[in-house]
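S.K.: Just a sequence and a predicted model for now, questions to come.
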Amino acid sequence: MNHVICQHCGCIEYYYSIKPVRCSTCMEVIEVSKLGEEQRAFARNFPLLLLYAFSLGYTVTFPPEHTRHIANSRHFDGRAKDINLFKDGKYLAKTEDHLPLGLFWEFLGGVWGGRWNDGNHYSWGE
């Protein structure tokens, strides 16, 4: 089961297929195929980013998802993840530390947060 956020009223609707969903609150029709497509693309490509990081000698952890990720955030709807990056046991906190991974992620078609000084942010979609 997946979920989609109604852009009209902000409520969350759950669905099983790519057919349009009608919001149970405001009755607007929500197109879900693009969101599902982007979620699947993110899920397919994120492991490649991790494997690339490992091949360069990095280790990674995932910070807890923050409550600041609001309803229109790609984190909220399953199209983004932040990663903590380490090399030789040292935490790499600077955006430029993520540059090799960010460029690789963009090569795959993703959106890298380093373009707006959020280097550990990796997402998919518009």
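M.R.: Received it, and whenever you're ready, just let me know what you need.

S.K.: Strands along the protein, start to end?
M.R.: With DSSP state E as the criterion, the chain has strands at 2-5, 12-15, 21-22, 29-30, 58-61, 80-82, 84-87, 90-92, 111-112, 121-123.

S.K.: most packed of these?
M.R.: strand 121-123 (a mean of 24; mean count of other Cβ atoms under 10 Å). Heads up, the C-betas are built off the backbone N, CA and C, glycines and all.

S.K.: Give me the sheet partners of it and which way each runs.
M.R.: According to DSSP bridges, strand 121-123 forms sheet pairs with strand 80-82 (antiparallel), strand 111-112 (antiparallel).

S.K.: how much space between the residue sitting nearest the centre point of the chain and Ala53?
M.R.: Central residue of the chain (Cα atoms, centre = their mean): Ala80, 1.0 Å from the mean position. Distance, Ala80 to Ala53, using Cβ to Cβ, to the nearest Å: 16 Å.

S.K.: and if you look at Ser73?
M.R.: Taking Cβ to Cβ, one finds Ser73 at 23 Å from Ala53.

S.K.: picking that back up, how about the residue nearest to the centre of the chain, what does it touch?
M.R.: Neighbouring residues of Ala80 by Cβ atoms under 8 Å, 6 or more residues apart in numbering: 42, 73-74, 121-124.

S.K.: Now these in a markdown table, please, with extra columns for distance to Asn84 and pLDDT.
M.R.: Formatted as a markdown table, the contacts of Ala80 follow (distance: Cβ to Cβ, whole Å; pLDDT from 0 to 100):
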| residue | distance to Asn84 | pLDDT |
| --- | --- | --- |
| Phe42 | 19 | 89 |
| Ser73 | 19 | 75 |
| Arg74 | 18 | 79 |
| His121 | 12 | 93 |
| Tyr122 | 12 | 95 |
| Ser123 | 16 | 92 |
| Trp124 | 20 | 89 |
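
S.K.: That's all I had, so thanks and see you.
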